[in-house]
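1. Sequence and predicted structure are below.
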Amino acid sequence: MFVHKVKIIEVEHLLRKYGVFGIVDTSTGPSIGYMQVVTDRSAATLLPIIQRVCRPGTIIHSDMWAGYKKNRNQTGFEHHTVNQKLHFLNPTSGTHIQAVESFWNVQKSKIKTMKGIKAEKLDEYLKEFM
């Protein structure tokens, strides 16, 4: 389980069937990440993952996705956001999600060097990396 500060991202759907949801603990060096294949980005899908992976007291940084905004008071976590359409870094709080973006970019580059992977093997690949 992660504690302290984590960054969250939902990755665009791969092959229009799957998406990857990622959480990165930035309180350690190097960062520790968790990624999971998801079939949708609904709060009903993502919030249970957050509650399972993050310990109480964790500070969550995420983008402005409506599912988080609508339900962030129900998670029991302190939640900071950044509107990436306007800012790389939230000018008021300093919130950003670059650690998780970087974590996912490493995975994407490895997948590219393998000339892709089958969609049904993506979850296994992510578990192997973690």
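-> Nice, thanks for sending it over. Residues are numbered from 1 along each chain as shown.
2. Now do the helix ranked longest in the chain: which elements does it pack against?
-> Once the chain is assigned using DSSP state H, the helix that runs over the most residues is helix 98-113. Applying 3 or more CB pairs under 8 Å, 6 or more residues apart in numbering; DSSP states H and E, we find helix 98-113 packed against strand 5-14, strand 18-25, strand 32-38, helix 122-129. To be clear about C-beta, it is placed using only N, CA and C from the backbone, and glycine gets the same treatment.
3. Any idea which helix or strand in this structure has the lowest mean pLDDT?
-> strand 5-14 (a mean of 52; mean pLDDT, DSSP states H and E).
4. Which pLDDT value belongs to the residue in the chain sticking out farthest from the centre?
-> Residue farthest from the centre of the chain, counting by CA atoms, centre = their mean, is residue 115 at 23.8 Å. With respect to pLDDT, residue 115 scores 79.
5. Surely it is in a strand?
-> No: counting by DSSP: H, G, I helix; E, B strand; the rest coil, residue 115 falls outside a strand, being coil.
6. tell me the mean pLDDT for stretch 87-106?
-> Stretch 87-106 comes out at a mean pLDDT of 81.
7. and what of stretch 52-68?
-> 80.
8. which parts of that stretch are buried?
-> Under the neighbour-count criterion of 16 or more other CB atoms under 10 Å, stretch 52-68 has 53, 54, 58, 59, 60, 61, 62, 63, 67, 68 buried.
9. From the residues you listed, pick the one nearest residue 21.
-> Among those, residue 53 lies closest to residue 21 (CB to CB), at 9.7 Å.
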